[in-house]
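1. give the three-dimensional model of this entry:
(2 chains)
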Amino acid sequence: MLINSPDTVVSDALRGMAAAHPELDVDVERQVVVRRDARAGGRVGLVSGGGSGHEPLHAGFVGPGMLSAACAGAVFTSPVPDQMLHAAGAVDAGQGVLFVVKNYTGDVLNFQMAAELAEEDGLRVERVLVDDDVAVTDSLYTAGRRGTGGTLFVEKIAGAAAEEGAPLERVAALARRVNASSRSFGVALSACSTPAKGGPTFDLPDGELELGVGIHGEPGRERRAMMTSREIAEVAVAAVLDDLAETGPPAGPVLLLVNGMGATPLLELYGFHAEVAAALAARGVEVARALVGNYVTSLDMAGCSVTVCRADEELLRLWDAPVRTAALRWGC
Amino acid sequence: MRDAEFFRHWLEAAAAAVEREADRLTELDSPIGDADHGANLLRGFTAVRTALAGADPADAPGALLQLAGRTLISTVGGASGPLYGTLLRRTGKELGEASEVSDEELRAALDAGVDAVARLGGAAPGDKTMLDALVPGVAALGTSYRAAGDAAEGGALATVPILARKGRASYLGERSVGHQDPGATSAALLLGALADTAEGTA
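-> Numbers count the residues shown, from 1 in each chain, chains lettered A, B, ... in the order given. Alright, predicted model coming up:
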């Protein structure tokens, strides 16, 4: 791996981010990235965060039109409440703060503690839990559906609403609506490896793939012999749409994220996107906007995920609103 | 009666046990988690040692446990930070400001601490979590500190055949069976360190 040491891998990355993005306020010691003008606009603050190793999530999405701040935990380990409190204090302009939390036990517990402490400090805090991963089927007996690719849709759309000056309750309600309208399904072609372990975190033999994988290499539904891009797209699209159908007919335009897990090149991702788009079209689903690239990654894992968000005019308008972050940038 | 010195010893012994067993905890976390339980707890307990060294010498047992709990929450991250932090903070709050506590008071305080962990994590014994070591361990405190350490160790071993229902291991479903839970294992270290401290062998 291209690192100095496992102990400094996160702070080294943040130092590099600070050097590349002078428009961001990067606190390397606290491991918190804040939009410089976060408090200037009198807006609702949007704070997210999670374990490192999923870049550009979350720090790559800090900036006008998206997150106000992001907290970076150790690799695959949630940040701590101190970081979240610091971030909330740094971005609160009196309008309150929304915590965007992926449904992993560590993230949930730490953000919960941070929210309680922030409220004791007199801050208004709302939390939205992202749990879009359809691969977790028996959620009664697990920690529940994981939060994965849908996080990007939640952060972008809630961020656009906050940028427009929407009040906290409305930003939170939009974030929850986006989450409720989003479904994801991931596929691993190789295991990820963490710097601390220095090797693969799970055993996935060559020539096999894991369907329904999470973003920490947690396994999903089943392991199979390698499939073609077209076959994988069929499985992923069917899984996502079947689940989405439970909340209503799949008609109407959708936002689509075809996401790489970090070690799959764009050549393959675009090819996969062609298959996903075809599979959606064959089911009569109109893709209004598509995003293809590495956005919610799993260190050096090869693989991909598909996220679909059922959209309406309002969500489309907020999706199209200007955004200026390290990893997502348009309209300005 | 147990004074502040006893609690310092216990926390030091726990830190030493985590240091000694960090690699094993990470190894246990590899097949069913993400291979960082040992590294995360080591980071937290190293910080606890530093915090204890800087603590007010007049601090009572309850204050020391709360300091350790706060330190774990601030440094560990993941699920282990809030859960272990809550265990020690709640136990410390129960002990109040007394400069010495009886074994019976410590047992009642730990009971409350374990309850707080169960509520925070929404878990129960049998879910393949730290509670599988903490619940039988604290229950056996009525017999002796050594019995508590042994019962916790037994509880950790008994997680091997369990299907995980909480935390990241739950996503493995059937594939979580056959692996010892790293959280239950570290919880057994904590109660083992308590037994060693009570016996004066830590």
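
2. what residues does chain B have near chain A?
-> Counting by C-beta under 8 Å from any C-beta of the partner chain, chain B comes close to chain A at B:26, B:30-31, B:34-36, B:39-40, B:43, B:73-83, B:120-121, B:163-168, B:170-173, B:175. C-beta: built from backbone N, CA, C; applies to glycine.

3. for chain B, which spans come out with low pLDDT?
-> Judged against pLDDT under 70, chain B has no low-scoring part.

4. mind checking the longest helix of it?
-> The helix that spans the most residues within chain B, counting by DSSP state H, is helix B:4-32.

5. how far off centre is that helix?
-> If you compare the mean C-alpha spot of helix B:4-32 with that of the full chain, they lie 9 Å apart, counting by C-alpha atoms, centre = their mean, to the nearest Å.

6. could you do stretch B:1-13 as well?
-> Going by C-alpha atoms, centre = their mean, where stretch B:1-13 is centred and where its chain is centred differ by 15 Å.

7. who touches it?
-> Under the contact criterion C-beta atoms under 8 Å, 6 or more residues apart in numbering or on different chains, stretch B:1-13 has outside partners B:48-49, B:52, B:59-61, B:64-65, B:68, B:99-103, B:106, B:193-194, B:196-198, B:202.

8. now swap in stretch A:35-46 and tell me
-> Counting by C-beta under 8 Å, 6+ apart, the neighbours of stretch A:35-46 from elsewhere in the structure are A:23-25, A:62-64, A:66-69, A:88, A:90-98, A:100, A:155, A:158-159, A:162-163, A:165-168, A:171.

9. ditto for stretch A:281-292
-> Identification of contacts with stretch A:281-292 by C-beta under 8 Å, 6+ apart yields A:152, A:237, A:241, A:250-258, A:266, A:269-270, A:273, A:277, A:280, A:308, A:311, A:316, A:319-320.

10. now do the buried residues in that stretch.
-> Of all the residues in stretch A:281-292, those buried under the rule 16 or more other C-beta atoms under 10 Å in any protein chain shown are A:285, A:287-288, A:291-292.

11. hmm, back to that, pull out the buried members of the contacts of stretch A:281-292.
-> A:152, A:237, A:241, A:250, A:253-258, A:269, A:273, A:277, A:280, A:308, A:311, A:316, A:319.

12. in the helix or strand that the longest helix of chain B is followed by, what counts as buried?
-> Moving toward the C-terminus from helix B:4-32, the next helix or strand (DSSP states H and E) is helix B:37-53. Using 16+ other C-beta under 10 Å as the burial criterion, the residues of helix B:37-53 that qualify are B:37-45, B:47-49, B:51-52.

13. show me where the stretch 1-150 of chain A has its helices.
-> A:9-20, A:81-91, A:105-120, A:150-163 (DSSP state H, counting those that start in this stretch).

14. pick out the shakiest of these, pLDDT-wise.
-> With a mean of 94, helix A:105-120 has the lowest mean pLDDT of those.

15. tell me where chain A is predicted with low confidence.
-> Residue ranges of chain A with pLDDT under 70: A:138-141, A:249-251.

16. swap the cut-off to 50 and go again
-> Within chain A, no range satisfies pLDDT under 50.
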